[in-house]
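**Student:** Just the structure for this:
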Amino acid sequence: MNTYLIKAATIVNEGQKIVADVLIKDGLIDKIGQNLAAPGAQEINAEGQYLLPGMIDDQVHFREPGLTHKADIFTESMAAVAGGITSFMEMPNTVPNTLTQELLADKYDIAAQTSLANYSFYMGASNDNIEEVLKTDPKNVCGIKVFMGSSTGNMLVDNEKTLENIFSKAPILVATHCEDEATIRHNLAEYNAKYGDDLTIEMHPLIRSAEACYKSSSLAVELAKRYQTRLHILHISTAKEIALFDNTIPLKDKKITAEACVHHLWFNDKDYASKGNFIKWNPAVKTEDDQKGVLAGVLNDHIDVIATDHAPHTLAEKQQAYAQAPSGGPLVQHALPALLEMHLQGKISLEKIVEKTAHSLAICFDIEKRGFIREGYWADLVLVDLNDPWKATKLNNFYKCGWSPFDGDTFKASITHTFVSGNLAYVKGKFTTDQIGKRLTFTR
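**Tutor:** Residues are numbered from 1 along each chain as shown. I've put the predicted structure just below:
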């Protein structure tokens, strides 16, 4: 493995900015200091650039196996690396659903051959696979995923006894998608009766309402408190839900944590007019007050991490009528640039971005030797230029689906270099594809 010396970078790490050199050797951060020398190392002049820990994305859907016409682990990990995401945790609603330890192992085997980023995969829960769930190894699997709302295949967990079983017995972190299915079905029936075939995307956050989110999230929190479960609630989308989470204790001591996604921070329901189904997600993008409330939750530490919920569909699928168009969109290449844009708009500091996309993920999931710029840690690093504008188009994204909800938007900051476990995986539009990322391990 090559040795690299990053010179004169402004390092953003653990609440501070310092100008220093970083020596990368044997995949690890070997030294951080001033005026470092390393004969034979490949030098990178980073003067004027910012060096961040690579983003760790705890929620992606890379669609392999079974849905590879939309995406696959190779293409989406490539897009992630281009966006400064060095590690991902992938969801179990592939085809077949990841509901057995054997199917989970199959996904790890694929990633070990093709993923340019570091990787982990969630074990999926259903109403009838508790025995398989309980076999999950806490040391090398990120968590158990529970859909407490609509999902594909057999993954909607709506049986009260099953939920109690999972929450009381789960050996590791339980990550939940929280939308109350009964509320959504009631709302959908009402809107179908009133509008029939004339449903529009603007109705999406009214059908998949704030109340549906809060009802399910509050149930998950109640179960977690009852059984002392390590609970992580994904993609919080409403201002009301923020009060469910505590910001008075250190993250390392929290049993209940929460995630915000970039699209809920960037878009609100006014954007449906221009973006249409391209910003159709579950949970839905909601009001401007909800958007502001979620950002406030991030800034005041009620919400612990920021992720993407990257979930690509083909252009043809998204161009269908609202009722037929699937929910989800590609985000991994544009998430960190969008957050950097928010920083340049004065909405969030670089230190807070690093905390919520790297440090807090490492703490929340007990990830071994990642998420910080520290000597002896894996060199998962991203160099960014805050003054290198570019426009997002279909021609410069690396998603297999070929489109982005940010198409047409201009970002002032760009990702110039991405290191994955010490490998220089990406430099200004070009990739090194002969090195594969590593499986994440956990200190549990």
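
**Student:** which stretches of the stretch 151-300 of the chain form strands?
**Tutor:** Here the stretch 151-300 of the chain has its strands, by DSSP state E, counting those that start in this stretch, at 174-178, 231-233, 256-261.

**Student:** Serialize the ones you listed to JSON lines and add fields for distance to residue 279, mean pLDDT and mean neighbour count.
**Tutor:** Bear in mind the C-beta positions are built from the backbone N, C-alpha and C, glycine included. Shown next, in JSON lines, are these (distance: least, CB to CB, whole Å; pLDDT from 0 to 100; neighbours: other CB atoms under 10 Å):
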{"stretch": "strand 174-178", "distance to residue 279": "18", "mean pLDDT": "97", "mean neighbour count": "26"}
{"stretch": "strand 231-233", "distance to residue 279": "21", "mean pLDDT": "98", "mean neighbour count": "25"}
{"stretch": "strand 256-261", "distance to residue 279": "12", "mean pLDDT": "98", "mean neighbour count": "23"}
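
**Student:** Turn those into CSV, including distance to residue 438.
**Tutor:** Formatted as CSV, the strands of the stretch 151-300 of the chain follow (distance: least, CB to CB, whole Å):
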stretch, distance to residue 438
strand 174-178, 21
strand 231-233, 22
strand 256-261, 23
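
**Student:** mind checking which of those is nearest residue 327?
**Tutor:** Closest to residue 327 of the strands of the stretch 151-300 of the chain, according to CB to CB: strand 174-178, at 11.3 Å.

**Student:** now for that closest one, which elements pack on it?
**Tutor:** strand 144-148, helix 210-227, strand 231-233 (3 or more CB pairs under 8 Å, 6 or more residues apart in numbering; DSSP states H and E).

**Student:** quick one: the closest residue to residue 317 other than its chain neighbours from residue 95, how far?
**Tutor:** Take residue 317 and drop its neighbours on the chain: the residue closest to it by CB to CB, 6 or more residues apart in numbering is residue 326, 5.5 Å away. Relative to residue 95, residue 326 is positioned 14 Å away (CB to CB, to the nearest Å).

**Student:** Neighbour count for those two, which is higher?
**Tutor:** With neighbours defined as other CB atoms under 10 Å, residue 326 and residue 95 compare such that residue 326 has more, 17 against 13.

**Student:** got the contact list for the more buried one?
**Tutor:** With contacts defined as CB atoms under 8 Å, 6 or more residues apart in numbering, residue 326 is in contact with 280, 313, 317, 318.

**Student:** what's the answer for residue 358, then?
**Tutor:** Contacts for residue 358 (CB under 8 Å, 6+ apart) come out as 52, 53, 54, 55, 56, 371, 372.

**Student:** Helix, strand, or coil at it?
**Tutor:** helix (DSSP: H, G, I helix; E, B strand; the rest coil).

**Student:** Identify the residue spatially nearest to it, adjacent ones excluded.
**Tutor:** The nearest residue in space to residue 358 (CB to CB, 6+ apart) is residue 53, at 3.8 Å.

**Student:** which residues pair with the one you found across the strands?
**Tutor:** residue 381 (DSSP bridges).

**Student:** wait, doesn't it sit right on residue 356?
**Tutor:** No - Residue 53 lies out of contact with residue 356 (CB atoms under 8 Å); the separation is 11.4 Å.

**Student:** ok so, going back, for the residue nearest to residue 358, report the pLDDT, please.
**Tutor:** Looking at residue 53, its pLDDT reads 98.

**Student:** before we move on, what about residue 94?
**Tutor:** 96.

**Student:** Apart from its neighbours in sequence, what residue is nearest it?
**Tutor:** residue 66 (5.2 Å).

**Student:** Give me the secondary structure label for the one you found.
**Tutor:** Secondary structure state of residue 66, per three-state DSSP, is coil.

**Student:** Just give me the neighbour total for it.
**Tutor:** For residue 66, the count of nearby residues is 14 (other CB under 10 Å).

**Student:** ditto for residue 391
**Tutor:** 12.

**Student:** from what I can see it touches residue 414, true?
**Tutor:** No - at 11.0 Å, residue 391 does not count as touching residue 414 under the criterion of CB under 8 Å.

**Student:** follow-up on the earlier one: ok, now how distant is the residue nearest to residue 358 from residue 69?
**Tutor:** 34 Å.

**Student:** Between those two, which is the more surrounded one?
**Tutor:** Per other CB under 10 Å, whichever of residue 53 and residue 69 has more neighbours is residue 53, with 30 against 12.
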